[in-house]
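Enquirer: Sequence and predicted structure are below.
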Amino acid sequence: MSEGGSKPKPKISASRRLFLKTKLLKKAITLLDNDIQMKKEERERVLSERVPQLELSGLSPQDLQNFCKELHLKIDVVDEERYDVNSKVSKCTIEIQDLSQKIFELKGKMKRPALKRVRVSADAMLGALLGSRVKESVDFKANLKTVKKEEEKKEEVTDWRKNVDAMSGMDGRKKMFNAGQ
């Protein structure tokens with residue numbers, strides 16, 4: 001135990017542990033066999049109480065046919081009851097699931113799944129939101145207004161000293177006059 005990472009020695013040796021495991025398994029097997037045997041005996045006892053032994057010897061063919069018809073009628077009644085019980089059970093299980101889901105939602109412990117980013121077109125998104133009500137594709141870009149940017153007329157700012165020679169005299173005044181028109 002001088003090292004902190006070493007495991008402590010088990011209190012029971014490996015052979016003793018194996019012996020105890022086999023004993024437990026043998027005991028479990030015997031208990032399981034006894035339980036199966038008791039269930040078989042219980043089933044036979046219940047069946048013998050509910051279903052009497054058939055005594056078909058000494059019956060005429062007409063009596064056998066009547067007996068078969070009675071059995072068929074009883075089978076039909078039992079099948080109807082079984083179907084009714086199955087439908088009631090299925091309805092109850094669905095109702096139980098719905099109620100347990102509502103309880104779970106009311107508690108607020110709903111696990112939210114990790115969402116993945118998915119690219120969806122506008123048409124697919126509208127189809128998912130509105131269902132089958134949208135029959136034609138909608139082009140959002142076509143419905144947008146187009147705005148034309150007007151370019152402002154900017155006068156060139158030039159150094160007046162460079163054009164002094166060109167604007168001097170009658171030629172320069174004529175150019176300014178023509179530019180103003």
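Expert: That came in fine, so what should we check first?
Enquirer: show me where this structure has helices.
Expert: Under the criterion DSSP state H, the chain carries helices at the ranges 14-50, 61-107, 122-130, 140-143, 164-167, 169-180.
Enquirer: now the ones you listed as JSON lines including mean neighbour count, mean pLDDT and distance to residue 8?
Expert: Yep, even glycine has a C-beta here, placed from its N, CA and C like the rest. Putting the helices of the chain into JSON lines (neighbours: other CB atoms under 10 Å; pLDDT from 0 to 100; distance: least, CB to CB, whole Å) gives the following:
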{"stretch": "helix 14-50", "mean neighbour count": "10", "mean pLDDT": "94", "distance to residue 8": "15"}
{"stretch": "helix 61-107", "mean neighbour count": "10", "mean pLDDT": "92", "distance to residue 8": "42"}
{"stretch": "helix 122-130", "mean neighbour count": "12", "mean pLDDT": "75", "distance to residue 8": "60"}
{"stretch": "helix 140-143", "mean neighbour count": "7", "mean pLDDT": "66", "distance to residue 8": "71"}
{"stretch": "helix 164-167", "mean neighbour count": "10", "mean pLDDT": "60", "distance to residue 8": "104"}
{"stretch": "helix 169-180", "mean neighbour count": "9", "mean pLDDT": "62", "distance to residue 8": "103"}
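Enquirer: how is this structure carved up into domains?
Expert: 14-52, 60-110 (the TED database).
Enquirer: got CSV for those domains, with distance to residue 122 too?
Expert: Below are the domains of the chain laid out as CSV (distance: least, CB to CB, whole Å):
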stretch, distance to residue 122
domain 14-52, 64
domain 60-110, 30
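Enquirer: of those domains, which approaches residue 148 most closely?
Expert: domain 60-110 (51.3 Å; CB to CB).
Enquirer: about what we covered before: could you export the helices of the chain as a markdown table, including distance to residue 7?
Expert: Converted to a markdown table, the helices of the chain look like this (distance: least, CB to CB, whole Å):
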| stretch | distance to residue 7 |
| --- | --- |
| helix 14-50 | 14 |
| helix 61-107 | 42 |
| helix 122-130 | 57 |
| helix 140-143 | 67 |
| helix 164-167 | 101 |
| helix 169-180 | 100 |
